[in-house]
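A.B. asks: for reference, the sequence and a predicted model appear below.
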Amino acid sequence: MKAAVLIRTGDATKAFEIREVPVPKIQAGEVLIKVEGFGLNFADVVAREGMYQDAPPIPAILGYDVVGRITEVAPDVQTAKVGDRVTALTRFGGYAEYAAANSLAISVIPDDMPVGEATALTTQYCTAYYAAAEAANIQEGDRVLIHSAAGGVGTALVQYARYKKCEIFATAGSESKLKMLRDEGVQHAINYQTEDFEHVIRAKTNGVGVDAIFDAVGGSNVKKGFRSLIHGGGRIVCYGASTITGQNIFGKISTLLGFGLYHPIQFMSTSRSLIGVNMLRIADNKPTTLARCLKEVVTLHEQGIFKPLVGGVYPVSQLAEAHAALEGRKTVGKITVTW
């Protein structure tokens with residue numbers, strides 16, 4: 001089979017090579033999928049730049065989500081069958097014509113569901129659902145701040161917060177993205193290029209702060225976010241550190257220091273929380289939790305609450321361009337690559 005293999009870190013135009021590699025051999029509890037398309041996630045960018053510690057050693061096949069048809073099922077799997085069209089989470093290996101997936105991490109989808117929409121339901125929407133519903137447990141009337149709100153996870157968080165009738169603050173870096181967020185129901189769309197979200201929140205909440213923050217940016221954003229939380233149940237959920245990409249070693253160190261230093265007394269005395277989310281760890285160690293989240297995501301999609309935005313569908317020959325668009329924050333919603 002063909003696979004887009006990461007052969008070196010750095011520039012997207014030089015990082016990947018299409019190679020012939022063996023078809024994966026499935027293990028107990030797994031299915032084999034003939035891939036129509038695979039999704040891009042910001043973790044792929046971080047891995048391409050050599051900064052994702054969980055990534056396999058180079059040469060490596062990246063990829064966390066795929067759409068396609070099941071061609072083989074392990075003998076112990078009773079919940080899927082050959083011929084099913086599915087969207088699936090993969091533990092790497094998604095940038096290939098065939099991919100293996102845990103049977104708990106797949107969902108059968110209609111034949112007419114677009115590839116881009118289907119891939120968004122797995123990694124992005126499962127991350128958003130876990131972060132908002134399980135980690136932060138946002139409720140009606142909560143004030144929430146969503147960073148990178150025009151991205152794949154960000155738009156999913158906006159849709160869930162709107163469903164829960166929250167007051168939404170959201171950041172993006174262009175007027176077109178801000179307009180899209182307002183159209184999606186965001187009450188306070190903040191241009192991070194020209195506005196300081198900490199000042200906006202202080203002004204709009206009379207200094208009280210927000211109940212929950214969802215941060216995929218990292219660095220000083222987290223420290224400022226912690227200061228912007230309400231005293232009495234405020235929580236910040238961190239699920240990425242996009243600001244670290246594209247920097248030299250000194251910039252990376254500065255970004256890491258920018259997160260700030262914390263002590264348990266800070267959390268207890270003000271009743272605030274700092275929560276980390278890594279869906280790879282959840283998939284590894286709590287597969288039934290992942291399965292539950294995926295089931296809820298699909299249900300919310302069927303109810304019309306989750307409506308994935310597709311930012312672009314690229315042929316595999318334009319994988320580098322897709323990576324560059326995602327890294328440069330030039331897109332809205334999910335980016336997908338097809339064979």
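C.D. replies: Received, thanks. Numbers count the residues shown, from 1 in each chain.
A.B. asks: please go through this structure and pick out the longest strand.
C.D. replies: If you go by DSSP state E, the chain has its longest strand at strand 30-40.
A.B. asks: can you name every helix or strand that it contacts?
C.D. replies: strand 65-73, strand 85-89, strand 98-102, helix 115-129, helix 319-327, strand 334-338 (3 or more C-beta pairs under 8 Å, 6 or more residues apart in numbering; DSSP states H and E). Where C-beta positions appear, they are placed from N, C-alpha and C, glycine not excepted.
A.B. asks: that strand pairs with which strands, parallel or anti?
C.D. replies: strand 65-73 (antiparallel), strand 98-102 (antiparallel), strand 334-338 (antiparallel) (DSSP bridges).
A.B. asks: in a markdown table, list these along with mean neighbour count and distance to E198.
C.D. replies: Below are the strands paired with strand 30-40 laid out as a markdown table (neighbours: other C-beta atoms under 10 Å; distance: least, C-beta to C-beta, whole Å):
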| stretch | mean neighbour count | distance to E198 |
| --- | --- | --- |
| strand 65-73 | 22 | 33 |
| strand 98-102 | 24 | 41 |
| strand 334-338 | 25 | 29 |
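A.B. asks: out of the ones you listed, flag the one nearest Y192.
C.D. replies: strand 334-338 (20.7 Å; C-beta to C-beta).
A.B. asks: which residues does Q124 contact?
C.D. replies: Residues counted as contacts of Q124 (C-beta atoms under 8 Å, 6 or more residues apart in numbering) are G39, N41, G152, V153, A156, P308, K334.
A.B. asks: next one: A88
C.D. replies: Applying C-beta under 8 Å, 6+ apart, the residues contacting A88 are V31, I33, D65, V66, V67, G68, A99, A101, A105, I106, S107, T122.
A.B. asks: closest to S271 among those residues?
C.D. replies: T122 (34.0 Å).
A.B. asks: state the pLDDT value of that closest one.
C.D. replies: T122 is assigned a pLDDT of 92 by the prediction.
A.B. asks: again, but for Y262
C.D. replies: pLDDT, read off for Y262, is 73.
A.B. asks: same deal with the one 3 residues further on?
C.D. replies: For I265, the model assigns a pLDDT of 84.
A.B. asks: before we move on, back to that, need the strands paired with strand 30-40 in JSON lines with mean pLDDT, can you?
C.D. replies: Output for the strands paired with strand 30-40, formatted as JSON lines (pLDDT from 0 to 100):
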{"stretch": "strand 65-73", "mean pLDDT": "97"}
{"stretch": "strand 98-102", "mean pLDDT": "97"}
{"stretch": "strand 334-338", "mean pLDDT": "95"}
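A.B. asks: same list, the ones you listed, but as JSON lines with distance to E134 please.
C.D. replies: Putting these into JSON lines (distance: least, C-beta to C-beta, whole Å) gives the following:
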{"stretch": "strand 65-73", "distance to E134": "19"}
{"stretch": "strand 98-102", "distance to E134": "19"}
{"stretch": "strand 334-338", "distance to E134": "22"}
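A.B. asks: among the ones you listed, which is nearest T289?
C.D. replies: Closest among the strands paired with strand 30-40, using C-beta to C-beta: strand 98-102, at 12.5 Å.
A.B. asks: ok, residues contacting the helix or strand following the closest one?
C.D. replies: Under the assignment DSSP states H and E, the closest C-terminal helix or strand after strand 98-102 is strand 106-108. Defining contact as C-beta under 8 Å, 6+ apart, one finds that strand 106-108 is touched by 31, 33, 70, 80, 84-89, 121-122, 294-295, 298.
A.B. asks: going by neighbour count, which of the residues you listed are buried?
C.D. replies: Buried by 16 or more other C-beta atoms under 10 Å: 31, 33, 70, 80, 84-89, 121-122, 294, 298, out of the contacts of strand 106-108.
A.B. asks: list the beta-bridge partners for G234.
C.D. replies: R272.
A.B. asks: what's the burial count for it?
C.D. replies: Other residues lying near G234 total 25 when counted by other C-beta atoms under 10 Å.
A.B. asks: over to the one 5 residues further on?
C.D. replies: Other residues near Y239 come to 23 when the count uses other C-beta under 10 Å.
A.B. asks: pull the contacting residues for it.
C.D. replies: Contacts of Y239 (C-beta under 8 Å, 6+ apart): T127, A131, V153, F214, D215, A216, G276, V277, N278, M279.
A.B. asks: kindly provide the distance from it to G116.
C.D. replies: Y239 sits 21 Å away from G116 when distances are taken as C-beta to C-beta, to the nearest Å.
A.B. asks: one more: A105?
C.D. replies: As judged by C-beta to C-beta, A105 and G116 stand 19 Å apart.
A.B. asks: swap in L300?
C.D. replies: 18 Å.
A.B. asks: no more questions from me, cheers.
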